[in-house]
Each structure stands twice: as structure tokens, then as C-alpha cells.
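Novice: My questions are about this predicted structure, shown below with the sequence.
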Amino acid sequence: MDRETVLVGIDAGTTKVTTLIGEVARSGDVNIIGYGIGPSAGMKKGMVANIDQTVNSIATSIEKAERLSGYKISSAFVGVGGSHITSQNSRGVVAVSGHKREVSREDVGRATDAAKAVQVPSNRELLHVIPRGFIVDGQDGIKDPLGMSAVRLEVETHMVAGAATSVQ
């Protein structure tokens with residue numbers, strides 16, 4: 001199987017752990033080729049209470065899915081939930097670089113990095129930074145600023161964080 005056509009998802013909850021392996025068709029449809037479901041141990045209210053038990057529960061679910069599909073998992077999308085998940089809005093601002101003053105991917109990346117420059121406590125880990133919209137030279141409501149002429153680029157983001165111990 002071509003690794004680029006396979007997606008793996010893992011959901012580790014308080015009562016069960018589920019692993020799904022799906023093959024993505026050229027049409028974009030996903031065909032489930034393997035799954036593993038097992039009881040969860042070591043989790044309480046969405047938080048890891050016993051790391052060894054949690055790891056064993058996840059490993060068992062993964063092994064079942066691998067056995068059923070014949071696919072060896074090397075990476076996965078992992079669902080993280082629980083009361084430790086928090087979110088906040090942030091804004092990043094940069095001057096547009098380059099001689100033509102056209103917004104590039106690098107400018108968008110720098111603006112997003114500027115939005116991430118908020119104080120995150122050491123016991124928390126930033127999980128996602130989701131761009132909500134852009135402001136180009138004071139004009140808001142822009143979804144994709146690439147190629148626009150500008151001096152100033154702002155990005156409005158929504159950031160999601162979780163307890164570092166639970167996320168890891």
C-alpha cells in the first residue's frame with residue numbers, strides 16, 4: 001500500500017480506545033481497511049491518570065487494526081479531548097517583505113508565527129493554530145491574501161492548547 005493513500009486515526013477515551021485505518025481513493029472516498037477497538041485503562045475524565053495503562057490500551061488497539069488491515073502504522077491523527085483543552089484568539093502582524101510587496105506564503109507564515117508568540121505556560125502545549133481570517137492594509141474579511149499587494153499583513157487565529165502531560 002502506498003503510504004500517501006492511507007490515513008490512521010486514534011481516539012483514546014475514558015472508556016475505550018479506537019484505531020481506524022482508511023485507504024483514500026482517487027475520488028477522495030475513504031475505505032476502512034482496518035480497525036481496533038479495546039477497553040481503555042489509565043484514563044479518568046479525559047486525562048491520563050496512569051501512563052503505562054494508557055500506553056498499553058492504545059498499543060492493543062493499534063495492534064488489532066494493524067493485524068486486520070495488514071498495514072504497519074507509522075503515524076496517525078490522534079483525537080485529544082477533555083476538560084484540559086482550552087482555546088483563545090490571537091492576532092499576528094508583519095510587514096510584507098519582497099520588492100513587489102505581494103503577500104507570499106512566507107509572509108503568511110511569519111504572521112502566523114507572530115500570532116503564536118503568546119505566553120503559553122510550561123505545563124500546556126499548543127496543539128493547533130487555525131487562521132480565521134486576514135487583514136491586508138486595514139481591509140478585513142480576507143480569506144486568502146496570497147499575491148495581494150500590501151504593506152501590512154495581519155492574521156486572526158484561534159489557538160487550541162492542552163495539558164502537556166495529557167497531550168504527550
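Specialist: Structure's in. What do you need?
Novice: which residues touch the worst-scoring helix or strand of the chain on mean pLDDT?
Specialist: The weakest-scoring helix or strand in the chain, judged by mean pLDDT, DSSP states H and E, is helix 164-167 (a mean of 73). The contact list for helix 164-167 (Cβ atoms under 8 Å, 6 or more residues apart in numbering) reads 46, 47, 48, 80, 82, 84, 122, 123, 124, 125, 127. Yep, even glycine has a C-beta here, placed from its N, CA and C like the rest.
Novice: Drop anything exposed from these.
Specialist: Neighbour-count burial (16 or more other Cβ atoms under 10 Å) is assigned, among these, to 46, 47, 48, 80, 82, 84, 124, 125.
Novice: what helices or strands is the host helix or strand of residue 129 leaning on?
Specialist: Here residue 129 sits within strand 124-136, counting by DSSP states H and E. Here strand 124-136 touches strand 86-95, helix 105-115, strand 139-142, strand 152-163, helix 164-167, going by 3 or more Cβ pairs under 8 Å, 6 or more residues apart in numbering; DSSP states H and E.
Novice: buried sites along the longest one?
Specialist: By 16+ other Cβ under 10 Å, the buried positions in strand 152-163 come out as 153, 154, 155, 156, 157, 159, 161, 162, 163.
Novice: Domain ranges for the chain, per the record?
Specialist: 3-79, 86-167 (automatic domain parsing).
Novice: Backbone dihedrals for the most far-flung residue of the chain relative to its centre, both of them.
Specialist: In the chain, residue 99 marks the outermost C-alpha relative to the chain mean, sitting 34.0 Å out by Cα atoms, centre = their mean. Main-chain torsions, residue 99, degrees, to the nearest 10: phi -70, psi -30.
Novice: same question, the one 4 residues further on
Specialist: Reported as degrees, to the nearest 10, the phi and psi values for residue 103 are phi -70, psi 130.
Novice: My read is that it contacts residue 144, right?
Specialist: No - Residue 103 is beyond contact range of residue 144, at 9.2 Å (criterion: Cβ atoms under 8 Å).
Novice: higher neighbour count, these two?
Specialist: residue 103 (24 against 11; other Cβ atoms under 10 Å).
Novice: which residue sits closest to the more buried one, ignoring its sequence neighbours?
Specialist: residue 145 (4.4 Å; Cβ to Cβ, 6 or more residues apart in numbering).
Novice: quick one, what contacts the one you found?
Specialist: In this structure, residue 145 makes contact with 103, 107, 108, 134, 136, 153, judged by Cβ under 8 Å, 6+ apart.
Novice: okay, the first one: pLDDT?
Specialist: Residue 103 carries a pLDDT value of 94.
Novice: Could you do the fifth one as well?
Specialist: What the model reports as pLDDT for residue 136 is 97.
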